[in-house]
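**Student:** Next come a sequence and a model predicted from it.
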Amino acid sequence: MREAWSTWLYVIVTTVCAVPVAALAVVLLTPHRARRGHPAPLRTAVADVVMVTGTAPWIWMILTPGTEEGVHVVPLVDLAGQVARLSTGAAVVQIGGNLLVFAALGAMLPVRSARFASPAAVAAVAATASLAVEILQYGLRLGRVSSVDDVILNTAGAVLAALCTRRWWASPPPVHP
């Protein structure tokens, strides 16, 4: 566990330091969008900033070089292996981390746009983004394991987060006859 802290401490510190910058971005984006006649300038500014600041640190962590390389394409085999070989705490961290990778994206995408106000739409975006990250891990030879189970967990986390924000989802624009 100590090794994990030393490996990821810089990501955590940078993320915490980015919070005031993210708040400033919301403050600057909102009036800009209001001047352009955007129907929900504050909501979309918050959604955009949360999607970026809530997802970027995870992507940074995922694309940081590691020591174990491989490709796992059979669903749930890698996940079962992790649960069997890791301690309970490490397995929970691994699974929980994968569920959180695109959670901010999943939570805010339907809030941002009615076009994505369905679990299927969020799943499609999250699965595509997750697959892209796994392909990057493999293609860049980062010493990381590229796994279909990561895509499944990343997508599930985005959909679960979207369902948590359902009451704030953007409404479709009114249809005028």
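**Tutor:** Done, it's in. Residues are numbered from 1 along each chain as shown.

**Student:** Any idea how many residues pack against the nearest residue to S113 once chain neighbours are set aside?
**Tutor:** Excluding its sequence neighbours, the residue lying closest to S113 (CB to CB, 6 or more residues apart in numbering) is A170, at 5.7 Å. Glycine gets a C-beta too; all of them are placed from N, C-alpha and C. Burial measure for A170: 19 neighbouring residues, criterion other CB atoms under 10 Å.

**Student:** Which helix or strand contains A170?
**Tutor:** Per DSSP states H and E, A170 falls between elements, in no helix or strand.

**Student:** correct me, but it touches L109?
**Tutor:** No: counting by CB atoms under 8 Å, A170 sits too far from L109 to count as a contact (9.5 Å).

**Student:** Identify the residues contacting the residue nearest to S113.
**Tutor:** A40, R43, P110, V111, R112, S113, A114, A117 (CB atoms under 8 Å, 6 or more residues apart in numbering).

**Student:** List only buried entries from those.
**Tutor:** Neighbour-count burial (16 or more other CB atoms under 10 Å) applied to the contacts of A170 gives A40, R43, P110, V111, R112, S113, A117.

**Student:** Distance check, the first one against V148.
**Tutor:** As judged by CB to CB, to the nearest Å, A40 and V148 stand 36 Å apart.

**Student:** Reformat the buried ones among the contacts of A170 into JSON lines and put secondary structure next to each item.
**Tutor:** Converted to JSON lines, those look like this (DSSP: H, G, I helix; E, B strand; the rest coil):
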{"residue": "A40", "secondary structure": "coil"}
{"residue": "R43", "secondary structure": "helix"}
{"residue": "P110", "secondary structure": "helix"}
{"residue": "V111", "secondary structure": "helix"}
{"residue": "R112", "secondary structure": "helix"}
{"residue": "S113", "secondary structure": "coil"}
{"residue": "A117", "secondary structure": "coil"}
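
**Student:** okay, and for the chain, where does confidence drop off?
**Tutor:** Within the chain, the stretches with pLDDT under 70 are 1-7, 172-177.

**Student:** try 80 this time
**Tutor:** Within the chain, the stretches falling below the threshold (pLDDT under 80) are 1-8, 86, 89-90, 171-177.

**Student:** show me where it has helices.
**Tutor:** Assigned by DSSP state H, the helices in the chain fall at 2-35, 41-62, 77-85, 88-100, 103-112, 119-139, 148-164.

**Student:** most packed of those?
**Tutor:** Relative to the other members of these, helix 103-112 carries the highest mean neighbour count by mean count of other CB atoms under 10 Å, namely a mean of 25.
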